[in-house]
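Asks: I'd like to go over a predicted model; first the sequence, then the structure.
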Amino acid sequence: KPAIQPFRYSSVLSSIWFYLRHPGRSVLPEYTGWERLRVPVPAGAGRLVLEFEAPGERPYLFIGSPRVVSRGTSPRSGHLNIAYIIFDCFAKNHIDLYEYPGLFAAHSPEEAVKRIGTRNTITPSLDRYAKEVLLFDGVFSAGQVTRPSIVSLWTSRPYTESRLPVFRNIVTKENQEEFHALKFAALGDELSRRGYFTKQISCNAQGHGVSSVGVDLGFDENYDYTMEASEHPENIRRILEFFEEQQNRKFFLYAHINTPHSPSWIPLGYYLRALWDTNFIHSSARTLGNIRYLNDHLDSMLKAVEKLRLRENTLVIITADHSFARSHMFRTTVTEEEKMWARQDSQSVAYFHSRAVYTRKGGPNLFRHTMNIPFVVLPPRNAGMQPGKIASAIGALDIAPTLLDLATGERNGRFNGKSFRSLMTGTKGSA
């Protein structure tokens, strides 16, 4: 791990002073020193012993849910890949397609962006797909913070059934045992059983257990790396590697990027430009800079999908675990209500006992601006899905059943939610 002290923005001057003391991209390294380890398994019978030796006083080694797998290829026309990309705290008002639907409906993406203007165009990486995406307007998270959002997302069960703590970073062994005893179905495991290679790449470790929620959600591989100063470029690099390495396999990728969630690390150039564009409002500049930084990373992912011809058979979903509990005034479309929420205190430190479920002093609320998440679907070309805006109300518990239905045509009785595949394909169904 790089020897970089944690840092959080507190003011304009302290932010600039920090960057002056840490010039260049040295504060956001693209390589952290963590490496994957693969060991070939001998074909014959016997005992395989792995021994590890590392120099230094504090070597790091983490192995979670080791799996024995064989590599293979599948004809691209014979399966659907899924890339589910979460940006933590991403909100609908961060995305041009949600803010200016009339312009994108009436004009080409290029003309719409021209009319919006350089200052107000924030997510051009998505704007260019305006005529291809399905834009869901009524998708609601199952939790206002990460752990309840993600556990419910992939198990399609109400979070309170899991008996896991909500606002506490450490998931105890007792918590894990109780959760696994419930034997919930999980989408990663369900797709793995059907021949998919499933992987989580996350930088929101909260447990830390085997995945970012502190329990095993059934993915074949977990890459769970968290460090404030380097998590963004490192995890983007891993995602691009995944696309390159798995392009000829059936895969399900769940990527969770901790942007624009605090501590809001961005290179200095993004912050200074946003500071100018927001009339030197520090909190708004921090958020605007993060969305632009997010956009550039998303752009690299979408270009990789195009370059590798994965658009032929890959469903790409850009969404959030939950949204902001407040809105910053970097949009000219901001409302008086959003300005009121911007004056509220941000998420505070929790006070609770080890068995607490949905109890907290302070923190995000359960109003629409926290729970109503963006949900942008970029379908495979020639997949028969109908682009446009979809207003139907959809709960996060419906997402796993839908992805299972799209990938396999099957359903799982242990999922509480229902597939909304028919809303995406325009066919009759059980949505």
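Replies: Received it, and whenever you're ready, just let me know what you need. Numbers count the residues shown, from 1 in each chain.
Asks: centroid residue for the chain?
Replies: Ile86 (1.6 Å; C-alpha atoms, centre = their mean).
Asks: just to be sure, that one is in a helix?
Replies: No: read with DSSP: H, G, I helix; E, B strand; the rest coil, Ile86 is strand and lies in no helix.
Asks: which residue is the nearest non-sequential neighbour of it?
Replies: Leaving aside its sequence neighbours, Ile86 sits nearest to His256 (C-beta to C-beta, 6 or more residues apart in numbering; 4.6 Å). For every residue, glycine as well, the C-beta is placed using N, CA and C.
Asks: determine the set of other helices and strands touching the helix or strand containing that neighbour.
Replies: Assigned by DSSP states H and E, His256 belongs to strand 251-257. When contacts are defined as 3 or more C-beta pairs under 8 Å, 6 or more residues apart in numbering; DSSP states H and E, strand 251-257 sits against strand 81-87, helix 187-193, strand 197-202, helix 231-246.
Asks: let me see the contact set for Phe243.
Replies: 83, 253, 301, 304-305, 308, 310 (C-beta atoms under 8 Å, 6 or more residues apart in numbering).
Asks: repeat that for Ala400.
Replies: 153-156, 186-187, 415, 417.
Asks: tell me the two of these that are most distant?
Replies: Across those, the longest distance by C-beta to C-beta is 13.0 Å; it joins Ala186 and Gly417.
Asks: and the helices in the stretch 301-431 of the chain?
Replies: 336-342, 368-371, 399-408, 421-425 (DSSP state H, counting those that start in this stretch).
Asks: deepest-packed of those, please.
Replies: Burial of these is given as mean neighbour count (mean count of other C-beta atoms under 10 Å); helix 399-408 ranks first at a mean of 22.
Asks: helix or strand with the lowest mean pLDDT in the protein?
Replies: When the helices and strands of the chain are scored by mean pLDDT, DSSP states H and E, helix 336-342 comes last with a mean of 60.
Asks: distance between stretch 173-185 and the chain's centre?
Replies: 24 Å (C-alpha atoms, centre = their mean, to the nearest Å).
Asks: and the contacts of it?
Replies: For stretch 173-185, the surrounding residues in contact (C-beta under 8 Å, 6+ apart) are 155-157, 161-165, 209, 214-216, 412, 414-415.
Asks: what about the residues you listed, which are in helices?
Replies: Among those, DSSP state H puts Thr155 in helices.
Asks: ok, and the most crowded of the contacts of stretch 173-185?
Replies: Neighbour counts for these, by other C-beta atoms under 10 Å, peak at Thr155, which reaches 28 neighbours.
Asks: could you list every residue that touches it?
Replies: Per C-beta under 8 Å, 6+ apart, neighbours of Thr155: 162, 184-187, 217, 400, 415.
Asks: ok, so of the residues you listed, who is nearest Gly388?
Replies: Distances from Gly388 to these, taken by C-beta to C-beta, are shortest for Ala400, at 23.7 Å.
Asks: tell me how far the closest one lies from Arg309.
Replies: 27 Å (C-beta to C-beta, to the nearest Å).
Asks: for Phe242, which non-adjacent residue is spatially closest?
Replies: The nearest residue in space to Phe242 (C-beta to C-beta, 6+ apart) is Leu253, at 5.9 Å.
Asks: ok, now which ones touch that neighbour?
Replies: So Leu253 contacts 81-84, 198-199, 201, 239, 242-243, 246 (C-beta under 8 Å, 6+ apart).
Asks: buried subset of those residues, written for ChimeraX?
Replies: Filtering the contacts of Leu253 down to the buried ones (16 or more other C-beta atoms under 10 Å) takes a single ChimeraX command:
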select :81,82,83,84,198,199,201,239,242,243,246
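Asks: okay, the contacts of Leu253 in TSV with distance to Ser149 and pLDDT next?
Replies: Converted to TSV, the contacts of Leu253 look like this (distance: C-beta to C-beta, whole Å; pLDDT from 0 to 100):
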residue	distance to Ser149	pLDDT
Asn81	23	96
Ile82	18	97
Ala83	18	98
Tyr84	13	98
Thr198	19	93
Lys199	19	92
Ile201	17	87
Ile239	20	93
Phe242	22	94
Phe243	25	96
Gln246	26	92
